[in-house]
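>>> Sequence and predicted structure, then a few things I'm wondering about:
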Amino acid sequence: MALIEIVDVWKVYHMGDMEVPALRGVSLQIQVGEFVAIMGSSGSGKSTLMSILGGLDRPTRGRYLLDGIDVAELSRDKLARMRNDKIGFVFQSFNLLPRTSALENVELPLYYANGVNAKQRRERAREALAKVALSDREGHRPNQLSGGQQQRVAIARALVNRPSLVLADEPTGNLDSKVTVEIMGLLQDLNDAGNTVVFVTHEPDVAQYSKRKIVLRDGQILTDEPVAERSVVRR
Amino acid sequence: MTLMPFLMALRALDRNRVRSALTMLGVIIGVAAVIAMVAIGQGATQSVQKQIASMGQNQLMILPGSSSSGAVMFGSGTVQTLSPADAVAIRRDCPSAVSVAVIVRTRAQITYQDLNWAPATVQGCDPDFLAVREWPIVEGENFSDADIKNAAQVCLVGQTVVDNLFGGESPVGQRVRLKGLPFRIIGVLDRKGANTFGSDQDDVLLLPWTTCKKKLSGSTFNTVDQILVTAATSSALAPLQEEVSATLRANHHLQRERGPDALDDFTIRNMTELLGTMTQTTGIMTALLAAIASVSLLVGGIGIMNIMLVSVTERTREIGLRMAIGARGRDVLAQFLVESIVLSGIGGLLGIALGGGGALAVSYYAHWPAIVSPQSVVIAVVFSGAVGVIFGFYPAWRASRLDPIDALRYE
């Protein structure tokens, strides 16, 4: 069974009287352990697709099964629970809480999870920070960390609740090329360890780090193919 | 429910210390004003109660009634209808009466050596009078029943009289003159201060009522100005009033001479009723002060709402993030509601400290009675918490209704 199964998904926004379709019949499947880049120019519908994949938004029409659950049918509260349970988000602008230590930032999703006590929270946050090689920065606040380190804290936060899917929205958009390589290497490591990773980017060379590249245009899939001559970060 | 939301709220408030402190100030001032006003109001109520109690609790004051000619009433006290025989009858016929004291009044100048003084009150009474008024003797002794019988020329003086005639020396045993007659001072009364109506209760000279009647007033009529009767408890006052009324009506032959519809020729005043009226009055004053003070609490609450709205706007991205990683609407609602409750709760506690301290400072420096009662503290805590909930709810609700996608993109 596919981790993600999208069948003929439409998303239509209403701008006053006008109907603006952002997605026009997108269908795709993503298996466990894949490493997918979604590309497209602005207005191609890639952000909308991310929102739907992440359970932040519901499709106007079509089916979306995540881990066998029909996401389109879930209530607002159930969606929130599903996001907490199955998805780890990474954002372009990191979205760390200011004046809050790296460890506490990583713990945040566990506050909304069921049956995790304070001790487990701390342990699992430490584990997640270790995975992104930031164990020595636990007590640092975001303003004491570099951009790359902040994004690694955000990735640790995405991993802490052991999600089925890591979703990254332009994860390197705010980073210089050297740090971009570092972050993509980290995502490759995570994928090698068995995590399913899907990310959005508009930079072709960043997409080269993935294994599968999906290009959107005007709300439809233009191409969907394996990455040839993949860039691999070896450290 | 764990402590976690409160710790999270404290951390969030700590990130904006100055703003949190200023917001709290509104609640602090509101709660402090309510606490201080109620404390001062309750202090005033208690001091009024004390003063009325010092005039004698559980007490009936019987005054001569109105004289009438045809249908024309001349008003209370226009005719002398009370006699020592009435007091004897009350003692004999009213089982609820604990003590009975007659009072006659006159005006007289008191001279000592080459000094003189005219006390505001020169009063003849029974030895029981001091017990009825709960008025102790600080030096010397009370006059006796024998003094009443013999119309002895002895007297008790109040502190104001002592201050004016004797300076530092002890007046007990000294000889003074009243209307040319020699009197011996046998006791000094404790200081009682001004009464509720502002007159000096210590400017007084007491003597046996027989002496006052026969030797000072020179009156040939066998009448008294007032009779005081006390009951054992305040609940016994109503039956006592019935008994006294019946006794006096019988003793004055009202029914036999003028028929069953005859009006009383005496007036009975119930001191407990007076106490009730005064307590009610000061209670109204307290409520009024508290109402005015709670306006500032209301303003403090609006301040909280204002700041929470600003905070929700500022932290839109944080809210979006929390929702993305699994916070439900109610989690966000709870988070902001707890923040506002913590804000108003801490403000409330500081306000209680400030208001209580202020009230105690006023009572200490201005000698104005103030009582910080546990009830007013509890009410203040409940109210400040309620302010947090009521004024925090709308901003928290707005936060909980945000769309996560829009919130994450908010600049």
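Structure's in. What do you need? Residues are numbered from 1 along each chain as shown, chains lettered A, B, ... in the order given.
>>> drop to CA atoms for contacts and neighbour counts, all remaining ones
OK.
>>> residues near the spatially closest residue to residue B:326 that is not a sequence neighbour, how many?
Computed as CA to CA, 6 or more residues apart in numbering or on different chains, the closest residue to residue B:326 that is not its neighbour in sequence is residue A:84, at 4.1 Å. By other CA atoms under 10 Å in any protein chain shown, the residues close to residue A:84 number 28.
>>> Please point out which parts of stretch A:11-26 sit buried.
Neighbour-count burial for stretch A:11-26, counted by 16 or more other CA atoms under 10 Å in any protein chain shown, picks out A:11, A:21-26.
>>> next one: stretch B:85-97
Neighbour counts using 16+ other CA under 10 Å place B:86-87, B:90-91, B:94, B:96-97 of stretch B:85-97 among the buried residues.
>>> how far away is the residue in chain A that chain B sits nearest to from residue B:324?
Checking chain A residue by residue against chain B with CA to the nearest CA singles out residue A:84 as nearest, at 4.1 Å. When CA to CA, to the nearest Å is the yardstick, residue A:84 and residue B:324 sit 8 Å from each other.
>>> Could you do residue B:59 as well?
In this structure, residue B:59 and residue B:324 are 75 Å apart, going by CA to CA.
>>> do the same with residue A:127
If you measure residue A:127 against residue B:324 using CA to CA, the figure is 22 Å.
>>> Between those two, tell me which one has more neighbours.
Here residue A:127 and residue B:324 are set side by side on neighbour count (other CA under 10 Å), and the busier one is residue B:324, at 28 against 17.
>>> just for the chain, where's the confidence low?
As the question left the chain open, I've gone with chain A. Within chain A, the stretches with pLDDT under 70 are A:235.
>>> Switch to chain B, please.
For chain B, the stretches with pLDDT under 70 are B:1-3, B:54-56, B:66-80, B:195-198, B:219-221, B:255-261.
>>> Enumerate the residues of chain A near chain B.
A:51, A:56-57, A:76-77, A:80-85, A:87-89, A:95, A:97, A:99, A:109, A:112-113 (CA under 8 Å from any CA of the partner chain).
>>> Check these for burial and list the buried ones.
Among the residues of chain A next to chain B, those classed as buried by 16+ other CA under 10 Å are A:51, A:56-57, A:80-85, A:87-89, A:95, A:97, A:99, A:109, A:112-113.
>>> wait, what's in contact with residue B:344?
When contacts are counted by CA atoms under 8 Å, 6 or more residues apart in numbering or on different chains, residue B:344 is found next to B:24, B:27, B:301, B:304, B:384-385, B:387-388.
>>> State the distance from it to chain A.
23 Å (CA to the nearest CA, to the nearest Å).
>>> now that residue: how far from residue B:13?
Counting by CA to CA, the gap between residue B:344 and residue B:13 amounts to 12 Å.
>>> and residue B:326, which of the three is it?
Under DSSP: H, G, I helix; E, B strand; the rest coil, the three-state class of residue B:326 is coil.
>>> Pull the number of nearby residues for it.
Around residue B:326 there are 27 other residues, counting by other CA under 10 Å.
>>> what's near enough to touch it?
By CA under 8 Å, 6+ apart, the contact set of residue B:326 is A:80-85, A:109, A:112-113.
>>> Spit out the contact partners of residue B:132.
B:56-57, B:59, B:99, B:101, B:228-230.
>>> That one sits in which helix or strand?
If you go by DSSP states H and E, residue B:132 is part of helix B:128-133.
>>> Please save the CA atoms from that helix in CSV.
Below are the C-alpha coordinates for helix B:128-133, written out as CSV (Å, rounded to 0.1, in the frame of the first residue of the first chain):
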residue,chain,number,x,y,z
ASP,B,128,-27.2,50.2,87.3
PHE,B,129,-26.6,52.9,84.7
LEU,B,130,-22.9,52.2,84.3
ALA,B,131,-23.6,48.5,83.7
VAL,B,132,-26.2,49.3,81.1
ARG,B,133,-23.9,51.6,79.3
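>>> Show me what counts as buried in that helix.
Using 16+ other CA under 10 Å as the test for burial, helix B:128-133 gives B:128-130, B:132-133.
>>> And stretch A:187-197, by the same measure?
Within stretch A:187-197, the residues scored as buried using 16+ other CA under 10 Å are A:187-191, A:195-197.
>>> quick one: which of the residues you listed sit in helices?
Among these, the members falling in helices are A:187-191 (criterion: DSSP state H).
>>> and the residue nearest the centre of chain A, backbone torsions?
Central residue of chain A (CA atoms, centre = their mean): residue A:167, 1.1 Å from the mean position. With angles defined as degrees, to the nearest 10, residue A:167 shows backbone torsions of phi -110, psi 120.
>>> can I assume it is in contact with residue A:195?
No: in this structure residue A:167 lies outside contact range of residue A:195 using CA atoms under 8 Å: 10.7 Å.
>>> all helices for the stretch 51-200 of chain B, in order.
Counting by DSSP state H, counting those that start in this stretch, residue ranges of the helices within the stretch 51-200 of chain B are B:84-93, B:128-133, B:145-150, B:159-166.
>>> Export the first one to PDB, keeping only CA atoms.
When you say that, I think you mean helix B:84-93. The C-alpha coordinates for helix B:84-93 follow below in PDB (Å, rounded to 0.1, in the frame of the first residue of the first chain):
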ATOM      1  CA  PRO B  84     -39.900  56.300  89.400                       C
ATOM      2  CA  ALA B  85     -42.900  54.200  90.000                       C
ATOM      3  CA  ASP B  86     -42.800  53.100  86.400                       C
ATOM      4  CA  ALA B  87     -39.300  51.800  86.900                       C
ATOM      5  CA  VAL B  88     -40.400  49.900  90.000                       C
ATOM      6  CA  ALA B  89     -43.300  48.400  88.000                       C
ATOM      7  CA  ILE B  90     -41.000  47.400  85.100                       C
ATOM      8  CA  ARG B  91     -38.600  45.700  87.600                       C
ATOM      9  CA  ARG B  92     -41.500  43.900  89.200                       C
ATOM     10  CA  ASP B  93     -43.600  42.900  86.100                       C
END
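>>> what about residue A:4, neighbour count?
Here the count is done by other CA under 10 Å, and residue A:4 has 19 residues near it.
>>> cool, residue B:277 as well?
The number of residues packed around residue B:277, counting by other CA under 10 Å, is 12.
>>> got a list of what it touches?
Residues in contact with residue B:277, defined by CA under 8 Å, 6+ apart, are absent; none qualify.
>>> Secondary structure element for it, which one?
Short version, using DSSP H and E: residue B:277 is in helix B:271-314.
>>> centre of the chain versus that helix, how much separation?
20 Å (CA atoms, centre = their mean, to the nearest Å).
>>> Look up how far residue B:343 lies from the residue in the stretch 1-150 of chain B that chain A sits nearest to.
Relative to chain A, the nearest point of the stretch 1-150 of chain B is residue B:15 (7.0 Å; CA to the nearest CA). Distance from residue B:15 to residue B:343, counting by CA to CA: 13 Å.
>>> who has more neighbours, the two?
Using other CA under 10 Å as the criterion, residue B:15 and residue B:343 rank with residue B:343 on top: 26 against 14.
>>> which residues touch the more buried one?
When the contact criterion is CA under 8 Å, 6+ apart, the partners of residue B:343 are B:13, B:20, B:23-24, B:304, B:388.
>>> can you map out the strands along chain A?
Counting by DSSP state E, chain A forms strands over residues A:4-15, A:18-30, A:35-39, A:61-66, A:69-70, A:87-90, A:165-169, A:196-200, A:212-217, A:220-226, given from the N-terminal end onward.
>>> Of all the ones you listed, which one is nearest residue B:35?
Comparing the strands of chain A by their distance to residue B:35 (CA to CA), the top pick is strand A:87-90, with 50.1 Å.
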